[in-house]
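Colleague: What follows is a predicted protein model with its sequence.
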Protein chains: 2
Amino acid sequence: MSKSQLGLTPVEAVACCSPLTREPMPADAAERIAPLLKAIADPVRLRLLSLVASHADGEACVCDLNDAFELSQPTISHHLKVLHDAGLLDREKRGVWVYYRVRAAALADLATLLGGVAA
Amino acid sequence: MSKSQLGLTPVEAVACCSPLTREPMPADAAERIAPLLKAIADPVRLRLLSLVASHADGEACVCDLNDAFELSQPTISHHLKVLHDAGLLDREKRGVWVYYRVRAAALADLATLLGGVAA
DNA sequence: CCCAGACATCGACATCTGTCAATATCGATG
DNA sequence: CATCGATATTGACAGATGTCGATGTCTGGG
C-alpha cells in the first residue's frame, strides 16, 4: 500500500526523491512485452533463433535444428512452439518437413524498445 | 543423439535442408546472454528499469520505486537485486536512502545484439 | 544508547519452466 | 491400406521463480 493513502498531507512528501522527466513504461505495455522477452530468455531458444536466421533463405527445417543440440526431439519441438506462439518464428509445413522462419520485424521492434528504455 | 553418429556415410545427408550462410550464435555466447534477458523478462522489472531511467539525473531512490507498485517492499527489493546482479542497475547508498541507476551501455548492448540476430 | 525508519535477507509457499519417454498425428510411399 | 519417418502432444518430474510475512542490518536523531 502506498504512503499516500495514510492521510498525510501532500507537503509531507519526503525529500529523498527526484522528479520524473518523462513517462515511464505503462503497466499494460510491460505485460505485453515481457512474454516476448521470456520467449528469448533461454540459451537454447536464442541459439534456435540465430540458427534459423543463419540458414540460406532465412528458413530452416526442424531436422537441421534437432541435430544442432544434444536435446531430445520433443524438447526442441517445445522450444520452437514457444518461439512460434510468441510471434517470433513463422511455421510452414511442406510435405513431411516443417520449416521455421524468423519474424525479423518482431525482433527488430524488441531491439528498438530496449534501446528506448535506456535512452 | 545426432544422425551422424549412426554410421551413415556423408553422402546420405538428407535433402530437406538448406546450408548455413553465416555462423550461428555459439553456445557459450547464448549462455552468457540469456541471463540478461531473463533479468528483464518480467513486467515488474521492465517497469522498474523504465521508471529508474525516467527519473531526473537518471537515478531513483527505492522509496519512489516501492510506491509505484502494489507489491510488498521485499518483493521490489528482490527485483532490484536481480537487475543489479545482472549488471543492468548500479546501486549507491547515500545516507539512509539507496539510489539505483540504469547501466545504459548494458541495455544498449542487448538491443544491438537482438537486432543482430534478425539481421 | 536506544529508537525509528529505509532497505535487505530469510524461509516458506504456489506456480511456472525445461526436460524426457511414451505416444499420437500426419504425409509419402510401396 | 500398412508402414515408416518427421513433428507434435501428453504426462511426469525436478528445479527455478515470484510473492509474502517475519526478521535482520544499517543510519540518523533524540
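Modeller: It's in.
Colleague: any idea how far B:Ala60 is from A:Ser50?
Modeller: Computed as CB to CB, to the nearest Å, the A:Ser50 to B:Ala60 distance reads 35 Å. Bear in mind the C-beta positions are built from the backbone N, C-alpha and C, glycine included.
Colleague: Between these two, which is the more surrounded one?
Modeller: B:Ala60 (27 against 21; other CB atoms under 10 Å in any protein chain shown).
Colleague: and the more buried one, what are its bridge partners?
Modeller: B:Tyr100 (DSSP bridges).
Colleague: Might you enumerate the residues of chain A proximal to DNA strand C?
Modeller: With CB under 7 Å from any atom of the strand as the criterion, chain A meets DNA strand C at residues A:14, A:16, A:38, A:41-42, A:44, A:70-72, A:74-75, A:78-79, A:82, A:93, A:95-96.
Colleague: Just the buried ones from those?
Modeller: Buried members of the residues of chain A next to DNA strand C, counted by 16 or more other CB atoms under 10 Å in any protein chain shown: A:16, A:38, A:41-42, A:44, A:79, A:82.
Colleague: so can I have a markdown table of these showing pLDDT and distance to B:Asn66?
Modeller: Below are those laid out as a markdown table (pLDDT from 0 to 100; distance: CB to CB, whole Å):
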| residue | pLDDT | distance to B:Asn66 |
| --- | --- | --- |
| A:Cys16 | 78 | 11 |
| A:Lys38 | 98 | 24 |
| A:Ala41 | 98 | 25 |
| A:Asp42 | 98 | 30 |
| A:Val44 | 98 | 36 |
| A:His79 | 98 | 36 |
| A:Val82 | 98 | 33 |
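Colleague: show me what contacts A:Val117?
Modeller: A:25, B:46, B:49-50, B:53, B:102, B:107 (CB atoms under 8 Å, 6 or more residues apart in numbering or on different chains).
Colleague: pull the helix or strand with minimum mean pLDDT from chain A.
Modeller: Lowest on mean pLDDT, DSSP states H and E among the helices and strands of chain A sits helix A:104-118, with a mean of 92.
Colleague: where does the closest residue to A:Leu89 other than its chain neighbours fall, helix, sheet strand or coil?
Modeller: Using CB to CB, 6 or more residues apart in numbering or on different chains and skipping residues adjacent in sequence, the residue nearest A:Leu89 is A:Leu83, 4.3 Å away. Secondary structure for A:Leu83, judged by DSSP: H, G, I helix; E, B strand; the rest coil, is helix.
Colleague: Counting neighbours, what do you get for A:Leu83?
Modeller: A:Leu83 has 24 neighbouring residues, counting by other CB under 10 Å.
Colleague: which residues does it contact?
Modeller: So A:Leu83 contacts A:39-40, A:45, A:48-49, A:89, A:100 (CB under 8 Å, 6+ apart).
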